[in-house]
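Undergrad: Build the 3D model from these lines:
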Amino acid sequence: MALTVLILQLAIFILALPLYLLNFLGIWSRICKRLLPYFLMRFSVIYNEQMASKKRELFSNLQEFAGPSGKLSLLELGCGTGANFKFFPPGCRVTCVDPNPNFENFLIRSIAEHPHLQLERFVVAVGENMHQVADGSVDVVVCTLVLCSVESQERMLQEVCRVLRQGGAFYFMEHVAAKPSTWTYFWQQVLEPFWLLLFDGCNLTRESWKTLERAGFSKLKLQHLQAPLAWDLVRPHIFGYAVK
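TA: Okay, here's the model as predicted:
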């Protein structure tokens with residue numbers, strides 16, 4: 001089976017050789033950074049339609065983690081175009097963190113469409129290094145479809161714990177690896193090198209639930225589901241929240 005995967009990966013590499021050459025020259029990365037916001041703007045609409053009930057379920061108790069003032073201080077990691085804004089409670093103060101500065105204009109437009117929220121600031125940073133955000137300064141950290149693409153899940157979760165106040169919560173919704181015995185997992189393995197290149201570092205075979213279980217949260221509520229999405233490769237999902 002491993003040999004079959006390797007042969008198919010090689011065939012895909014040959015077919016996509018021009019793209020790999022562009023990546024080697026550093027051109028493809030720049031193109032991705034500029035085009036990704038436009039792709040996500042369209043993808044997020046479809047994803048939200050198909051995952052709306054699960055997102056409402058996931059974020060239904062956000063307000064319970066608000067501080068003494070009653071206003072929720074929320075940091076969204078890998079905020080993208082602001083696709084989750086509609087699910088956040090009124091009066092929520094949102095800090096957005098993303099390594100791609102090209103998302104800023106999309107976020108400004110998105111926050112204007114959601115006047116129930118207050119945008120505190122947009123921070124250009126990777127999840128593994130959010131030094132611009134103070135220790136214990138937020139009630140909640142949210143990330144959706146982010147753990148698949150960070151360089152180190154462990155370091156990112158350490159940063160999440162650092163910026164969360166004691167008793168704060170980390171909310172997540174992520175696509176993950178399928179069960180190893182399935183055809184979905186077989187094709188995830190075959191396509192992962194090309195997928196990584198095409199979607200700016202997105203991994204198909206990460207077992208993110210294992211990293212969350214090892215992260216040392218005092219409480220972890222995690223569910224697996226098969227998302228009602230068109231692409232089988234990203235149907236395996238986890239969602240839930242963890243309390244510091």
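
Undergrad: C-alpha from now on. contacts and neighbour counts both.
TA: Fine.

Undergrad: next one: the longest helix along the chain to chain centre, how far?
TA: When the chain is scanned for its longest helix (criterion: DSSP state H), the result is helix 27-58. How far helix 27-58 lies from its chain's middle: 10 Å, per CA atoms, centre = their mean, to the nearest Å.

Undergrad: In that helix, which residues have enough neighbours to count as buried?
TA: Buried residues in helix 27-58, counting neighbours by 16 or more other CA atoms under 10 Å, are found at 28-29, 32-33, 36-37, 40-41, 44, 47, 51, 54-55, 58.

Undergrad: repeat for stretch 161-175
TA: Those would be 161-165, 167-175, for stretch 161-175 by 16+ other CA under 10 Å.

Undergrad: for these, which one is nearest Asn23?
TA: Nearest to Asn23, judged by CA to CA, of the buried residues of stretch 161-175 is His175 at 24.8 Å.

Undergrad: can you list the weak-confidence ranges in the protein?
TA: Confidence mapping of the chain against pLDDT under 70 gives zero matching residues.

Undergrad: all strands in it, in order from the N-terminus.
TA: Under the criterion DSSP state E, the chain contains strands at 73-77, 93-98, 118-124, 138-144, 164-175, 219-226, 236-243.

Undergrad: Name every strand pairing with the third one and say which way it goes.
TA: In this case it means strand 118-124. strand 93-98 (parallel) (DSSP bridges).

Undergrad: what comes into contact with the partner strand?
TA: 71-80, 117-127 (CA atoms under 8 Å, 6 or more residues apart in numbering).

Undergrad: Let me know the angle separating it from strand 138-144.
TA: 40 degrees (axes from the mean of the first three to the mean of the last three CA atoms, to 10 degrees).

Undergrad: Not counting residues beside it along the chain, what's closest to Trp28?
TA: Leaving aside its chain neighbours, Trp28 sits nearest to Leu22 (5.2 Å; criterion: CA to CA, 6 or more residues apart in numbering).

Undergrad: That neighbour contacts Ile31, doesn't it?
TA: No: contact criterion CA atoms under 8 Å: Leu22 and Ile31 do not qualify, at 9.7 Å.

Undergrad: and for these two, which residues touch both?
TA: If you check Leu22 and Ile31 against CA under 8 Å, 6+ apart, no residue is contacted by both.

Undergrad: most centrally placed residue in the protein?
TA: Val146 (2.0 Å; CA atoms, centre = their mean).

Undergrad: Correct me if wrong: it contacts Glu174.
TA: Yes: using CA under 8 Å, Val146 is in contact with Glu174, at 7.0 Å.

Undergrad: Distance across stretch 118-130, terminal residue to terminal residue?
TA: 20 Å (CA to CA, to the nearest Å).

Undergrad: Report the buried residues of that stretch.
TA: Buried-residue list, stretch 118-130, by 16+ other CA under 10 Å: Gln118, Leu119, Phe122, Val123, Val124, Ala125, Val126, Gly127, Glu128, Met130.

Undergrad: could you dump the residues you listed to CSV with distance to Ile7?
TA: Shown next, in CSV, are the buried residues of stretch 118-130 (distance: CA to CA, whole Å):
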residue, distance to Ile7
Gln118, 51
Leu119, 48
Phe122, 44
Val123, 42
Val124, 39
Ala125, 37
Val126, 34
Gly127, 34
Glu128, 34
Met130, 40
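
Undergrad: now, which of the residues you listed sits nearest Trp183?
TA: Taking these together and measuring to Trp183 by CA to CA, the closest member is Gly127, at 31.7 Å.

Undergrad: which residue sits closest to the closest one, ignoring its sequence neighbours?
TA: Using CA to CA, 6+ apart, the closest residue to Gly127 is Met156 (5.1 Å).

Undergrad: okay, now Asp139: neighbour count?
TA: Residues lying near Asp139 (other CA atoms under 10 Å) number 24.

Undergrad: Quick check: closest non-adjacent residue to it.
TA: Nearest one to Asp139, counting by CA to CA, 6+ apart, is Gly168 at 4.8 Å.
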